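Trainee: what's the 3D shape of this:
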Amino acid sequence: MIVYNTQMQIHIAIYHPRRAGILSAAIDLQADQVILMHRQEDVVAGIKSVLSSRGIRCRSMVVDFDTERLRQHFAALLEEYQSANLYLNASSGYKKMILIAFEQFNAYGYPIFMVDKFTDELYWLKNRANQPTDDHHLSHEIKINEYLKTFNTHVLNEGDKTPEPAISRELTHWLIRHIGNHDKHIAQLNYIAMMATKDNRYALDHHQINNQGLMTVLGQFEAAGMLTLRGRKLKFTDADARFYCNGGWLENHVYSLAYGMRKNRPHIVDIAKGLQVVRHNGTVKNEIDVAAMSHNRLHVIECKTRKFSKSDDDNAAANTAIYRLDTLKNFAGGISSKAMLVSYQPLNSYSLSRAEDLGIYCCSHTQLRQLDNHLYRFFDSD
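Mentor: Okay, the predicted model is just below:
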């Protein structure tokens, strides 16, 4: 973190509902205040709240796209704060506003910088002669709930962050080792967990009880304490165990691996699983299986154990999962966020092509045996 002079440091920034770079720069450069310029329809309550919680004052100003009025706004700000240490943060905003702001700040010799939305590097476009001009990576300090809040997405439930017990880790490793042998049986277990009664019970039918592969899988989950099986009567230990059997084990596995990577990747500063979020003033709740902050960018990971085959229904289901993940990453983290789909079952070529078009990293089926390597690539890539 670079320390600047003791004169009050003020950042002028233009808010954009899908772009980041205002909060991270204000923290790294130790700003005293951020003056946030935004359109009437933009909701800035979230970013103002986060800045305030970090001890950074925030003043918001409504502006429009009229060229002359914009010039007047910037001229008035430059005059009002001429005795302060004033900077233009050109990372976010609308092109016309940014260009006019750049014009005004450059004409009067004020410093201008921007934060690259993909590399998280701060670039000096103009600075004073007696101040640092070296580009540098920003400090990695933003937490998941802060980042989400800047995009007016609020966390309702942070999920469980306790380490996974050894016995369930052993079960996960068994499942990964036997990928290809029990794909259908894992899909059947998902169905059983989904169709169980409110008291977590399910009665196996004749075909299920005689399915040796399914019984082997159920035996592994029973040994891990997730369920009990007495003849045809199956009972999940509790609601958490039922969730675990319905694919939660893969979510736990991904979380555990990503959590352990922090010692090798210090830029991963926060990680959570089972997040329940909602948009500002919204009522529709969304689930994020695993989320992480790396290089001050939100990384969203969706974990699926259901079967995606070549049938039209399963094609539609796979594509729905991919489109949902793309929508989720955009509204929760803006255009700089990243997304990954982790699937226990194979993904067909059509779904993989759709995911590639949307910039979604995929790791599926036998690739899960090297899931740690795929997670490193996901976090390390721009």
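Trainee: count of neighbours near Asn252?
Mentor: Asn252 has 25 neighbouring residues, counting by other C-beta atoms under 10 Å. For glycine as for every other residue, the C-beta is placed from the backbone atoms N, C-alpha and C.
Trainee: Actually, Glu79.
Mentor: By other C-beta under 10 Å, the residues close to Glu79 number 9.
Trainee: Assumed it was part of a helix.
Mentor: Yes. Assessed with DSSP: H, G, I helix; E, B strand; the rest coil, Glu79 lies in a helix.
Trainee: Tell me how far it lies from Leu347.
Mentor: Distance, Glu79 to Leu347, using C-beta to C-beta, to the nearest Å: 58 Å.
Trainee: same thing with Asp382?
Mentor: 24 Å.
Trainee: More neighbours: those two, which one.
Mentor: Each of Asp382 and Leu347 has its neighbours counted (other C-beta under 10 Å); Leu347 has more, 22 against 9.
Trainee: Grab the nearest non-local neighbour of the more buried one.
Mentor: Excluding the flanking residues, the one nearest Leu347 by C-beta to C-beta, 6 or more residues apart in numbering is Ser364, at 4.5 Å.
Trainee: which residues touch the one you found?
Mentor: The contact partners of Ser364, taken as C-beta atoms under 8 Å, 6 or more residues apart in numbering, are 341-347.
Trainee: Of those residues, just say which sits nearest to Asp64.
Mentor: Distance ranking of the contacts of Ser364 against Asp64, using C-beta to C-beta, places Leu341 first at 40.3 Å.
Trainee: Show me what the helix or strand hosting the closest one is packed against.
Mentor: Taking DSSP states H and E as the criterion, Leu341 maps to strand 338-343. The contact analysis (3 or more C-beta pairs under 8 Å, 6 or more residues apart in numbering; DSSP states H and E) places strand 338-343 against strand 297-304, helix 312-333, strand 360-364, helix 371-380.
Trainee: that older thread, could the contacts of Ser364 go into CSV alongside distance to Ala316?
Mentor: CSV is the format used below for the contacts of Ser364 (distance: C-beta to C-beta, whole Å):
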residue, distance to Ala316
Leu341, 16
Val342, 20
Ser343, 15
Tyr344, 19
Gln345, 15
Pro346, 16
Leu347, 13
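Trainee: coming back round to it: angle of the strand holding Leu341 against strand 360-364?
Mentor: Angular relation of strand 338-343 and strand 360-364 on a 0 to 180 degree scale: 20 degrees, by axes from the mean of the first three to the mean of the last three C-alpha atoms, to 10 degrees.
Trainee: can I get the CA coordinates of stretch 335-352 in CSV?
Mentor: Extracted in CSV, the C-alpha atoms of stretch 335-352 (Å, rounded to 0.1, in the frame of the first residue of the first chain):
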residue,chain,number,x,y,z
ILE,A,335,-18.5,-7.5,-15.8
SER,A,336,-15.2,-8.3,-14.0
SER,A,337,-16.5,-11.3,-12.1
LYS,A,338,-15.7,-14.8,-13.1
ALA,A,339,-17.7,-18.1,-13.1
MET,A,340,-17.0,-21.8,-13.0
LEU,A,341,-19.2,-24.8,-13.4
VAL,A,342,-18.1,-28.0,-11.6
SER,A,343,-20.1,-31.0,-12.7
TYR,A,344,-19.8,-34.6,-11.4
GLN,A,345,-21.6,-35.8,-14.5
PRO,A,346,-20.3,-35.3,-18.1
LEU,A,347,-21.2,-32.2,-20.0
ASN,A,348,-22.1,-32.6,-23.7
SER,A,349,-20.2,-30.6,-26.4
TYR,A,350,-23.1,-28.3,-27.0
SER,A,351,-23.2,-27.2,-23.3
LEU,A,352,-19.4,-26.9,-23.2
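Trainee: Would you mark the buried spots in it?
Mentor: 336-348, 351-352 (16 or more other C-beta atoms under 10 Å).
Trainee: Check stretch 185-205 too.
Mentor: Quick answer for stretch 185-205 (16+ other C-beta under 10 Å): 185-190, 192-193, 196, 200, 202, 204.
Trainee: Of those, which belong to strands?
Mentor: Among those, the members found in strands (DSSP state E) are Tyr202.
Trainee: Can you pick out the ones from the buried residues of stretch 185-205 that are in helices?
Mentor: Judged by DSSP state H, the buried residues of stretch 185-205 include 185-190, 192-193 as members of helices.
Trainee: now for those, which pair is the farthest apart?
Mentor: Pairwise distances across these (C-beta to C-beta) peak at 12.7 Å, for the pair His185 and Ala193.
Trainee: tell me, how many neighbours does the nearest residue to Leu138 once chain neighbours are set aside end up with?
Mentor: Among residues not flanking Leu138 along the chain, Asp28 sits closest, at 4.5 Å (C-beta to C-beta, 6+ apart). Neighbour count for Asp28, taken as other C-beta under 10 Å: 20.
Trainee: Distance check, Asp28 against His11.
Mentor: 11 Å.
Trainee: Same question for Asp64.
Mentor: Asp64 is 21 Å from His11, by C-beta to C-beta.
Trainee: Right, I'll call it a day here.
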